[in-house]
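Undergrad: Here is the input, now give the coordinates:
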Amino acid sequence: MGPKVKSETAIVAKTTTTKTPQPSKSYTTFETVAKRSLDLIALQAPVERIMALAPTTPPIDLSDMTRAAVVLAVAAMDAYFTDVFAERFVPFLKKKGATKAMVQLLEDAGLNTECALELLAMDRPYRRIRKLVEAYHQHITTQRHTVIDELFLAYGLKDFSSNVEKLKRRKTLLKSLTTLVQRRHCIAHEGDLNAHSRVRAIDPAKTKTRIEDLIAFVSGADELLQRQLPI
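TA: Numbering: from 1, shown residues only. This is a model prediction of the structure:
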């Protein structure tokens, strides 16, 4: 579990473990962006009150602040999972060796025989390996938990997302996450318009809860990864 984000709401759920692993660098970055997402929602009501004192024509719909928060939060999660995978790759490789899934991933990333021979002559071959992994995952979107599960099979972790849900003791955590990601897609690709080309209503309070669920999921994921191999 990562450290708490300083905000009006405690967004990282408590766990029953007596010793909490230190968060990864990737989580620390995620946490910063997650706070910005929550701050956007927290600012909407005060800004609405200020705008009500001097209404504009036509009126400005400030609900887009909540929509922006959704996009920002999901982007933070996406970046976290690709970043933490690359962050852990070399330490795992050094300590536990390559799994079959890792070997296949490296082949897909371009580590062929010629590249492997080049590594033998390098001063820092592991740095090249990490760069290959980072480049390979730049075009992978980790917004669905099924994709996240497939990604971490390389570390020998099965049913990763379900195990995070169990760790957080939240039976509907993945369902909430899926709902938020689907809303993000509607916002990003359709402008959050319905079939009649009208803007769909969005509830700041409910959206805030969804984002808190996303943060709980990422913090649980980081805790599981740190338990497997502290770095």
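Undergrad: Quick one: the strands in this structure, in order.
TA: Along the chain, no segments are classed as strands by DSSP state E.
Undergrad: where does it have its least confident helix or strand?
TA: The helix or strand of the chain with the poorest confidence is helix 113-120; it has a mean of 56 (mean pLDDT, DSSP states H and E).
Undergrad: quick check: longest helix of the protein.
TA: In the chain, taking DSSP state H as the definition, the longest helix is helix 64-96.
Undergrad: Enumerate the positions of that helix that are buried.
TA: By neighbour count on 16 or more other CB atoms under 10 Å, the buried set for helix 64-96 is 64-74, 76-78, 80-90, 92-93. Quick note: C-beta positions are derived from backbone N, CA and C, even for glycine.
Undergrad: Check stretch 173-183 too.
TA: 173, 174, 176, 177, 180, 181, 183.
Undergrad: What about those residues, which are in helices?
TA: 173, 174, 176, 177, 180, 181, 183.
Undergrad: from these, which is closest to residue 28?
TA: Of all those, residue 28 sits closest to residue 177, with 20.8 Å by CB to CB.
Undergrad: Quick check: that closest one touching residue 215?
TA: No. Using CB atoms under 8 Å, residue 177 makes no contact with residue 215, being 10.3 Å away.
Undergrad: Tell me which residue is most central in the protein.
TA: residue 77 (1.4 Å; CA atoms, centre = their mean).
Undergrad: Surely it and residue 213 touch.
TA: No. The pair residue 77 and residue 213 fails to qualify as a contact (CB under 8 Å) at a distance of 10.8 Å.
Undergrad: rewinding a little: with distance to residue 208 as added columns, please give the ones in helices among the buried residues of stretch 173-183 in JSON lines.
TA: Below are those laid out as JSON lines (distance: CB to CB, whole Å):
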{"residue": "173", "distance to residue 208": "16"}
{"residue": "174", "distance to residue 208": "19"}
{"residue": "176", "distance to residue 208": "12"}
{"residue": "177", "distance to residue 208": "14"}
{"residue": "180", "distance to residue 208": "11"}
{"residue": "181", "distance to residue 208": "16"}
{"residue": "183", "distance to residue 208": "13"}
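Undergrad: Cheers, nothing more for now.
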